[in-house]
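Novice: sequence-free structure coming up:
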C-alpha cells in the first residue's frame, strides 16, 4: 500500500505532515510518498530522524509549485501543473501510488483528483463527505462544500456514495436522512422536495427528512444536502464549539473555585473533547472520483494525518469505489425520474 | 401599551404563558390580553392568583380554535379563523392591542400577521429574525425559516429590516454580513453572488461575506441568508448545544472526582448557559409585517415570554416599522437592479 501525501498543504507546514506520515508507517505496512519541495522535505525528514525501518517506507517526490488556500481551485490546477497536489494525483494515475491525502485547499484537491483520475462511471458530481460526531456513532454528511448548486439526482448519488462509505465503517444498512427544515415530506425548498420523492423510489434505506437539530443525535447514519448547506453546517458547528469553549473559559477563570473544579473534572472534558474532535476522524473522503483521495482540515495535526493515511489505505483495500459503482448503477433508473 | 398573547401556543401549556404575562405586567406598565379558551384560561388565572393591581392588567379574550405545531401554516389560518393566533392579530387590526406574542407555530404566526395586518409598504417578503448569542454582543440573523426560496432582492430587504431591528437595540451602524461558504466575493451559490453585488450598491454598512465559522465570533451585527439556510443554522446550533451538553454529562458522571469538580464550577456553567441560552432573548420578531409580532420557541418558559412581551412593547414604542419603511424606500433603486 502506497499513499501520496501532499506535503505542502496544511496550516502547520511540512513538519506536522511528515510526523503524521511517520506515525502511519510505524503503525501499518504502508509506504508514504511526500510530495513537495525536495530540499525542504529532505531537511525536515532528517530532523525527524526516523529509524531505518520506518525511513525505508518514506519517499520524497519533488514538485515545484504549491496551491494556496486562497487560490481558486479550477484556476490553480490549470496554472500550477507541477503543484504538489497535481503531482500527488499524477502518482496515482501512473500507478505509482494507491491514494492521496492532502490538508491543503479542498476544492483544488477534488479538482486535481477529477482531472487526473476522472469520475466513477455514472457519477454526475463527485463530492466531499465527512463524519460528524454525534451522541451515538458518527454520521456521514455529504456534500460538505464541493457542489454549491445541486439537482435532485446529485443528492441521490451523494446518498449512494455516502452509504457505501458508511458500510465501509461497519454500518450494514445505513439509514439515510435528507437535511431540511421540517420533518414532513412537504417541508423544505424545491430541491429537497424533489429529492425526497427520488430517495423514496430508490433502494437505499431512506428514513425521511431530518432537521438541523437531529444532526447530532445519532439516529441516522448518512445525511445528504447540497454543498452550500453542508459547508455551512460544518463551519457553524466548528465555530460554535470554538466560541462556546472560549465563553466557558471566560467564566471559569473568574474564580479560583471554578478553576479548581475545572481541574478536578479535566479528564472528563478531555474525553468529551476527544469525542467531538474532528481530528480523531480520518479526514474527509472524496467520493465519486475514480481513485482514492482524502482531504484533511488545514489545522490537522500529525495524528489526524496518520488517521487519514490509514483511512485512505482502508478505502483502497476494501474497494469502496466498486461499491459506489454498483450502487450508482442500481439507482440509475431512479435518477432519470428527475423532473 | 397592550400586548395580545396567544395563550394556547407553546409546549408547556397556558400556565407558563400566563406566568410570563404576569411577570411582564408586574415589571412594566403593560396590559396583556390572553387569547384562547376562556374557561381554561380563567381557571389557570385564578390558580395563579395575581394581586389585584396586576390582575387589572390581565384580560381574557375568547377564541375557540388552536393552530397546532404540525399544521400547515397557510392552510391552518384559512381553516381556523377563530384560532387564538388569528384572534390575537385581529385585536391588533381592530386597534384593541399593539402587538402579538406567540410561542405557537411560527409559520402560522407570520401567516396570520400578514393576513390580518398586511406588509409594510415596499416589503416583498416579511420574515423572521432572531438574535444568536456570540462571544461579543448578539447578532441578528434573518431569515430563520419563513422564506425557503429567496431572490437577491429579498435578502437585501432582510438586511434593511434586520439592521433597523439591530439599531433598536443600540447598534448605531450595524455591520451587515452575507452568509456563505467563502470569504471572497466570488464564493457561494448564485443567490449569494448576486446578493453580494446588490448589498455592495446599497447604503447599508455591508462588510462582505461571512462564513459559518464567523457566526458566533460577534464581529458582525446582522447576517442575512435565505430561510432554509437560516433555519438549519438555528436548529443545528440548538441540537449541537443539546448533544454536547449530554455528552459532557455522560463523561462527568463517570467519577465522583469529576462530579465534585463540576459542582465547584457549577456557577460558571450557569453563567455560560445564561449567555448562550435563547430564553434570555425576547423571542424572534416578525419583520416586514405592518404591525408588531414576536414568535417564541415552543419550549419557552415564563421568563422568555415576559422578555418577549417587553420586547414587543419596545418595538412598538420605538416604532421600528417606521425605520423599516424608510430603509426599504431608501434601497428601492438598488433592489430593482436585480438581474
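Specialist: On my side now, so go ahead. Note that the coordinates shown come from a computational prediction; the quantities given were computed from them, not determined experimentally. Residues are numbered from 1 along each chain as shown, chains lettered A, B, ... in the order given.

Novice: okay, CA-based contacts and neighbour counts for the rest of this
Specialist: Fine.

Novice: who touches the closest residue to chain B within the stretch 1-150 of chain A in this structure?
Specialist: Nearest residue of the stretch 1-150 of chain A to chain B: residue A:148, at 5.6 Å (CA to the nearest CA). Shown in contact with residue A:148 (CA atoms under 8 Å, 6 or more residues apart in numbering or on different chains): A:226, A:227, A:228, A:229, B:188, B:189.

Novice: next step: these restricted to helices.
Specialist: Residues of these located in helices (DSSP state H): A:227, A:228, A:229.

Novice: find the nearest non-adjacent residue to the second one, please.
Specialist: Using CA to CA, 6 or more residues apart in numbering or on different chains and skipping residues adjacent in sequence, the residue nearest residue A:228 is residue A:148, 4.6 Å away.

Novice: now do the phi/psi pair for the one you found.
Specialist: Per-residue torsions, residue A:148: phi -80, psi -30 (degrees, to the nearest 10).

Novice: compare the ones in helices among the contacts of residue A:148 and tell me which has the most neighbours.
Specialist: residue A:229 (28 neighbours; other CA atoms under 10 Å in any protein chain shown).

Novice: from chain B, how far out is that one?
Specialist: As judged by CA to the nearest CA, to the nearest Å, residue A:229 and chain B stand 6 Å apart.

Novice: from residue A:276, how far off is that residue?
Specialist: Distance, residue A:229 to residue A:276, using CA to CA, to the nearest Å: 20 Å.

Novice: show me the shaky parts of chain A.
Specialist: A:183-185, A:278-280, A:339 (pLDDT under 70).

Novice: how is it divided into domains?
Specialist: The record's domain split for chain A, according to automatic domain parsing, is A:1-119+A:288-318, A:124-287.

Novice: ok, the first one near chain B or not?
Specialist: No. Under the criterion of CA under 8 Å from any CA of the partner chain, domain A:1-119+A:288-318 makes no contact with chain B; the nearest approach is 8.8 Å.

Novice: and that domain, how far apart are its ends?
Specialist: From its first residue to its last, domain A:1-119+A:288-318 covers 12 Å (CA to CA).

Novice: correct me, but residue A:320 touches residue A:168?
Specialist: Yes. With contact defined as CA atoms under 8 Å, residue A:320 reaches residue A:168; the gap is 6.8 Å.

Novice: so for the two, which sits in the more crowded spot?
Specialist: Taking neighbours as other CA under 10 Å, residue A:320 and residue A:168 compare with residue A:320 leading, 20 against 16.

Novice: residues contacting the nearest residue to residue A:205 once chain neighbours are set aside?
Specialist: Spatial nearest neighbour of residue A:205, chain neighbours left out: residue A:175 (5.2 Å); criterion: CA to CA, 6+ apart. Counting by CA under 8 Å, 6+ apart, residue A:175 makes contact with A:205, A:206, A:207, A:220, A:221, A:222.

Novice: please report which of those has the highest neighbour count.
Specialist: residue A:222 leads these on contacts (other CA under 10 Å) with 33 neighbours.

Novice: list the contacts of that residue.
Specialist: A:139, A:140, A:141, A:142, A:159, A:162, A:163, A:166, A:174, A:175, A:176, A:177.

Novice: residues contacting stretch A:316-324, please?
Specialist: Stretch A:316-324 has contacts (CA under 8 Å, 6+ apart) with A:98, A:99, A:120, A:160, A:161, A:164, A:165, A:168, A:288, A:290, A:291, A:292.

Novice: rerun that using 10 Å as the cut-off
Specialist: Contact with stretch A:316-324 is made by A:1, A:98-99, A:120-123, A:157-158, A:160-168, A:287-293, A:310-311, A:313-315, A:327-330, as judged by CA atoms under 10 Å, 6 or more residues apart in numbering or on different chains.

Novice: now the spatially most central residue of chain A: phi and psi?
Specialist: Nearest residue to the geometric centre of chain A (CA atoms, centre = their mean): residue A:284, 0.4 Å. Dihedral pair for residue A:284: phi -110, psi 120, per degrees, to the nearest 10.
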